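the sequence isn't on hand, but the structure is:
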């Protein structure tokens, strides 16, 4: 059996250069595999600012990237949570946080159970995320626990980044080239295959033929290799996630006191939702919507109204998204990574996360030789399960809404498709609080993530919720009071987000 000695990645952007930098670190040193990236200089990269999740820190750390350099090169800021506004009902300004932390334990019981016990008894309790952790209070105070840390990628709470995805790709490209990755700026005009359907080489417009043992498709929605060559089926998920379009505007900071918040804001609107992400250099806002219920022109008008005068005279970028996943992202000697593999709308920032997951899985399943059918089959099974889990988690944000103020939200409330697995979980959680044993072992989201969304959408505690009603109220109130003191202390000792970013 022939050993895999060479890999060609087609396409640059976030997916291509994340793949190149990661595989170069994980595969090249031990095996001597050569990695080449072929990217067309004429294809525009999709990039409107990017929010991430905490696991991205593991990615950058694993490839020996300095956090300070990363933040500088990508205009990054810290992201500790997502703040959801107006998702449950219309225009009331009601909001809740999905923070990057799990509810703390106190008195031998997870504090979420104490909160639920008081809620079930009809007693007044604070917002769930605020009552059970420290991040919401830190976000309100625009503080983070990174400040004062001497070790990179370390803090007293989990965190991620807001960053410029185009700058990130360029940063990883430069690092990859320094470390031996070969870059070819050219356009692939033809893909050659052998009698078994495996890719053997690529013909380019200016640099001729390029042979390799394995090929990675990072050509985005164009899907040159996985779809146009390998004919792998794309499965649309728009019946569950109908938001398939976006319009985005980048606005400058107009006031010296105007500084990015350490969280993403997601505000529900008539046919979708608007993100607000603050980089150190500018603010990015975008409206993710369904083109079945709104035109690009209508969406842009709604986005501009939300932003206000800061958007006057600025260009809006329009994006059409293909929502779904491949039936198989690994086909013979071709692997799809990034948009060519699949894409879920950006509500929970799974875009870069799923690229990272795909690459880590590929290294785990990397075949010793070209006889790779067994590992390929399991890779596709696991990646499918992770996509499905992420999709269900995003659907949860929508299907619990009580909004009926537009055709879009009436569809969401009455007709949106909900998978059997999510239906079963929602029914189960009418009788108990979410726990690890309720979830898929290979899912992307854990029980705390589900609790924050359920609580924010007024669906965490029901009359049938078991156990919590047996906790004495005096005990729960004592624990929640102690937690309040912990929160106040965390705000008191933590540094400001602005000072931390400026210090870098």
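Yep, it's here. Here the structure is a predicted model, which means the values were calculated and not measured.

surely residue 128 is in contact with residue 455?
Yes - between residue 128 and residue 455 there is a contact under C-beta atoms under 8 Å: 3.5 Å. For glycine as for every other residue, the C-beta is placed from the backbone atoms N, C-alpha and C.

list residues touching both of the two?
Residues touching both residue 128 and residue 455 by C-beta atoms under 8 Å, 6 or more residues apart in numbering: residue 96.

check contacts around the closest residue to residue 11 other than its chain neighbours.
Spatial nearest neighbour of residue 11, chain neighbours left out: residue 218 (3.6 Å); criterion: C-beta to C-beta, 6 or more residues apart in numbering. Residue 218 makes contact with 9, 10, 11, 12, 13, 15, 16, 19, 337, 338, 340, according to C-beta under 8 Å, 6+ apart.

so what pLDDT did residue 46 get?
You'll see residue 46 listed with a pLDDT of 58.

what is the rounded mean pLDDT of the helix or strand where residue 61 lies?
If you go by DSSP states H and E, residue 61 is part of helix 55-62. Throughout helix 55-62, pLDDT has a mean value of 97.

what's the first helix or strand after that helix?
Criterion used, DSSP H and E; the element after helix 55-62 is helix 67-73.

check which helices and strands the helix or strand following that following helix sits against.
As assigned by DSSP H and E, the chain's next helix or strand after helix 67-73 is strand 77-79. Here strand 77-79 touches strand 160-163, helix 497-503, going by 3 or more C-beta pairs under 8 Å, 6 or more residues apart in numbering; DSSP states H and E.

looking at these, which is closest to residue 244?
strand 160-163 (23.4 Å; C-beta to C-beta).

got a list of contacts for that closest one?
Here strand 160-163 has contacts from 49-54, 56-57, 70-71, 74-80, 100, 260, 264, 277-279, 349, using C-beta under 8 Å, 6+ apart.

tell me the mean pLDDT over it?
97.

how far out from the middle of the chain is the helix holding residue 61?
Taking C-alpha atoms, centre = their mean, to the nearest Å, the mean C-alpha location of helix 55-62 is offset from the chain mean by 14 Å.

do stretch 262-275 as well
For stretch 262-275, the distance to the chain centre is 15 Å (C-alpha atoms, centre = their mean).

output the below-cut-off pLDDT ranges for the stretch 151-300 of the chain.
Scanning the stretch 151-300 of the chain for pLDDT under 70 picks out 256-257.

before we move on, which element is the residue nearest to residue 182 when sequence neighbours are not counted in?
What sits nearest to residue 182 in space, not counting adjacent residues and going by C-beta to C-beta, 6+ apart, is residue 36, at 4.3 Å. Taking DSSP H and E as the criterion, residue 36 maps to strand 34-39.

redo the contacts of residue 218 as JSON lines? Include pLDDT and distance to residue 422.
JSON lines is the format used below for the contacts of residue 218 (pLDDT from 0 to 100; distance: C-beta to C-beta, whole Å):
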{"residue": "9", "pLDDT": "98", "distance to residue 422": "35"}
{"residue": "10", "pLDDT": "98", "distance to residue 422": "35"}
{"residue": "11", "pLDDT": "96", "distance to residue 422": "33"}
{"residue": "12", "pLDDT": "94", "distance to residue 422": "36"}
{"residue": "13", "pLDDT": "93", "distance to residue 422": "31"}
{"residue": "15", "pLDDT": "96", "distance to residue 422": "28"}
{"residue": "16", "pLDDT": "97", "distance to residue 422": "33"}
{"residue": "19", "pLDDT": "98", "distance to residue 422": "31"}
{"residue": "337", "pLDDT": "98", "distance to residue 422": "26"}
{"residue": "338", "pLDDT": "96", "distance to residue 422": "25"}
{"residue": "340", "pLDDT": "97", "distance to residue 422": "26"}
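
from those residues, which is closest to residue 41?
Closest to residue 41, out of all of the contacts of residue 218 and judged by C-beta to C-beta, is residue 12, at 9.3 Å.

gap between the closest one and residue 36?
From residue 12 across to residue 36, the span is 12 Å (C-beta to C-beta, to the nearest Å).

cool, and residue 417?
Applying C-beta to C-beta to residue 417 and residue 36 gives a distance of 42 Å.

pick out whichever of those two has more residues nearby.
Using other C-beta atoms under 10 Å as the criterion, residue 417 and residue 36 rank with residue 36 on top: 17 against 13.

local confidence estimate at the more buried one?
At residue 36, pLDDT is 98.

which ones are touching it?
Here residue 36 is in contact with 6, 7, 8, 9, 181, 182, 183, 184, 210, 212 (C-beta under 8 Å, 6+ apart).

and for residue 282?
By C-beta under 8 Å, 6+ apart, the contact set of residue 282 is 75, 250, 251, 252, 253.

residue 183 too?
36, 37, 39, 173, 176, 177.

10 Å instead?
9, 12, 16-17, 20, 35-39, 173, 176-177 (C-beta atoms under 10 Å, 6 or more residues apart in numbering).

now do the phi/psi pair for it.
Residue 183 adopts backbone torsions of phi -120, psi 130, taken as degrees, to the nearest 10.

report the beta-bridge partners for it.
Assessed by DSSP bridges, residue 183 has beta-bridge partners residue 37.

so that it lines up with my notes, have the first residue be 6 from now on.
Understood, numbering begins at 6; the last thing we discussed is residue 188.

next, work out how far apart it and residue 408 are.
Residue 188 is 48 Å from residue 408, where distance means C-beta to C-beta.

mind checking which of the helices and strands packed on strand 82-84 is nearest residue 154?
helix 502-508 (9.3 Å).

which residues does the closest one contact?
Contacts for helix 502-508 (C-beta under 10 Å, 6+ apart): 73, 76-77, 80-83, 85, 143-144, 146-154, 160, 262, 264-268, 283-285, 499-501.

buried stuff in that helix?
Across helix 502-508, burial judged by 16 or more other C-beta atoms under 10 Å covers 502, 503, 505, 506.

where is the longest helix in this protein?
What stands out as the longest helix in the chain, according to DSSP state H, is helix 378-404.

how far off centre is that helix?
14 Å.

re earlier: so what sits against both of residue 17 and residue 41?
25, 188.

and residue 26, what does it touch?
Residue 26 neighbours (C-beta under 10 Å, 6+ apart): 40, 64-65, 67-70, 176-182, 184, 186, 364.

now restrict those residues to buried residues only.
Buried, going by 16+ other C-beta under 10 Å: 40, 64-65, 68, 70, 176-178, 180-182, 184, 186, 364, out of the contacts of residue 26.

the nearest residue to residue 222 once chain neighbours are set aside: neighbour count?
Spatial nearest neighbour of residue 222, chain neighbours left out: residue 230 (3.7 Å); criterion: C-beta to C-beta, 6+ apart. By other C-beta under 10 Å, the residues close to residue 230 number 26.
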